[in-house]
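Student: Here is my input; please provide its structure:
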Amino acid sequence: MMAVGAISFIIVLLLVIPSVSSPVLSATDSSLSIVEGRFGDSVTLPCDGSARHLPDDQLDVLWKTDQKTVAHYSGGKLVVDSHFSGRVTFPTERILRRDFSIDISSVKSSDEGKYECVVKNEHYLKDVQLKVLPPLFSRSLSVAVNDLVTLPCYGGVHKYEPDKLFVQWERGGDLVLKFSSKELICGPKYEGRVSVSPDWRDGNFSLSLSVTGLRDSGVYQCSSDQKHNVASVVLEVNIIHSDNNKLYFLIFIPICILILVVYVGIAKKQKIHHVKNKIFSQCRWPRNQSHSQEQENNQE
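Tutor: Now for the predicted structure:
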């Protein structure tokens with residue numbers, strides 16, 4: 001009987017102790033939210049802190065990802081990591097309402113990952129998985145000879161290790177461009193005509209190509225290293241007649257015709273005037289001569 005009573009006492013004790021302890025949520029206990037946003041758009045990472053009954057002056061809220069700080073509000077001051085500088089909104093008014101959601105603008109592919117909302121003493125409130133989608137774009141482009149075209153491609157980049165990136169563009173098995181933090185190699189047919197986006201650290205792997213002729217038409221493929229979220233895109237580039245050439249003919253040819261008409265008109269006027277002067281000079285000389293003869297006769 002004593003053994004049964006001891007066991008009962010232990011069970012009751014185990015049930016009572018959690019009820020009087022501070023409730024601590026682990027990252028696994030908190031519900032996981034999935035937020036999706038397109039490259040360049042704004043997203044909101046939700047975190048409800050209404051259950052936390054802390055005085056305003058004791059509010060301490062931390063958002064982190066990959067064990068690094070995203071934004072930290074403490075003592076009325078906000079500190080934002082350099083990777084998110086100028087892109088994170090965490091208004092004090094919202095925080096005082098116990099809404100600990102943050103806004104991230106101009107989302108990059110490198111922003112993708114798991115984010116944690118934590119309050120003072122490491123109480124996890126929310127886990128949010130952010131997925132960054134590529135912007136909407138056409139997979140078939142029509143360009144003119146001598147145009148500069150951008151072939152879009154977006155992929156994943158580790159926000160804190162962008163230098164490990166590797167990107168390669170190909171067309172029909174031929175190398176167009178190969179890019180990494182250590183080297184930039186252009187294919188023999190594309191020397192001096194291609195470049196990669198300066199925003200490659202953000203996950204923008206778009207290719208700029210100066211089109212020189214029909215030989216540039218075809219299917220282009222972009223891919224990144226297998227160790228980093230592989231991103232590939234197939235684009236069809238068709239060559240068409242340039243609208244600039246059409247505009248050139250529509251404007252230049254009429255101007256040339258107008259100049260020619262004016263020139264011919266002026267030339268005709270000058271020729272007519274020259275003929276008139278010649279005729280007048282021919283007609284006037286005999287008249288003057290006859291008049292002088294009359295004067296001589298009168299004197300006689």
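Student: all contacts plus neighbour counts: C-alpha atoms, from now on.
Tutor: Fine.
Student: Can you list the low-confidence ranges for the stretch 151-300 of the chain?
Tutor: 159-160, 162-163, 225-250, 252, 271-300 (pLDDT under 70).
Student: Which parts of it are strands?
Tutor: 166-171, 174-180, 184-186, 194-196, 207-210, 218-224, 233-240 (DSSP state E, counting those that start in this stretch).
Student: TSV for those, including mean neighbour count and distance to Val132?
Tutor: Below are the strands of the stretch 151-300 of the chain laid out as TSV (neighbours: other C-alpha atoms under 10 Å; distance: least, C-alpha to C-alpha, whole Å):
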stretch	mean neighbour count	distance to Val132
strand 166-171	20	18
strand 174-180	19	22
strand 184-186	15	26
strand 194-196	21	20
strand 207-210	18	20
strand 218-224	20	16
strand 233-240	18	16
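Student: which stretch among the ones you listed comes nearest Ser101?
Tutor: strand 218-224 (32.9 Å; C-alpha to C-alpha).
Student: May I have the strands that pair with the closest one, each with its orientation?
Tutor: strand 166-171 (antiparallel), strand 233-240 (antiparallel) (DSSP bridges).
Student: still on that earlier bit, including distance to Leu45, could the strands of the stretch 151-300 of the chain go into CSV?
Tutor: Shown next, in CSV, are the strands of the stretch 151-300 of the chain (distance: least, C-alpha to C-alpha, whole Å):
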stretch, distance to Leu45
strand 166-171, 30
strand 174-180, 32
strand 184-186, 37
strand 194-196, 31
strand 207-210, 32
strand 218-224, 28
strand 233-240, 29
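Student: and this protein, what are its domains?
Tutor: What automatic domain parsing lists as the domains of the chain is 24-133, 140-243.
Student: Mind jotting down where the helices sit in the stretch 1-150 of the chain?
Tutor: Counting by DSSP state H, counting those that start in this stretch, the stretch 1-150 of the chain has helices at residues 2-20, 92-96.
Student: so Leu165 touches Val157, yeah?
Tutor: Yes: assessed by C-alpha atoms under 8 Å, Leu165 is found in contact with Val157 at 6.9 Å.
Student: Okay, helices next: where are they in the stretch 151-300 of the chain?
Tutor: Under DSSP H, counting those that start in this stretch, the stretch 151-300 of the chain gives helices at 243-299.
Student: about what we covered before: rank the helices of the stretch 1-150 of the chain by pLDDT, which is bottom?
Tutor: Mean pLDDT is lowest for helix 2-20 among the helices of the stretch 1-150 of the chain, at a mean of 39.
Student: who does the lengthiest strand in the chain touch, helix- and strand-wise?
Tutor: Determined from DSSP state E, the single longest strand within the chain is strand 123-133. For strand 123-133, the packing partners by 3 or more C-alpha pairs under 8 Å, 6 or more residues apart in numbering; DSSP states H and E come out as strand 32-38, strand 113-119.
Student: In JSON lines, list those strands along with distance to Val143 and mean pLDDT.
Tutor: JSON lines is the format used below for the helices and strands packed on strand 123-133 (distance: least, C-alpha to C-alpha, whole Å; pLDDT from 0 to 100):
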{"stretch": "strand 32-38", "distance to Val143": "26", "mean pLDDT": "93"}
{"stretch": "strand 113-119", "distance to Val143": "37", "mean pLDDT": "92"}
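Student: closest to Cys47 out of the ones you listed?
Tutor: Comparing the helices and strands packed on strand 123-133 by C-alpha to C-alpha, strand 113-119 comes nearest, at 6.5 Å.
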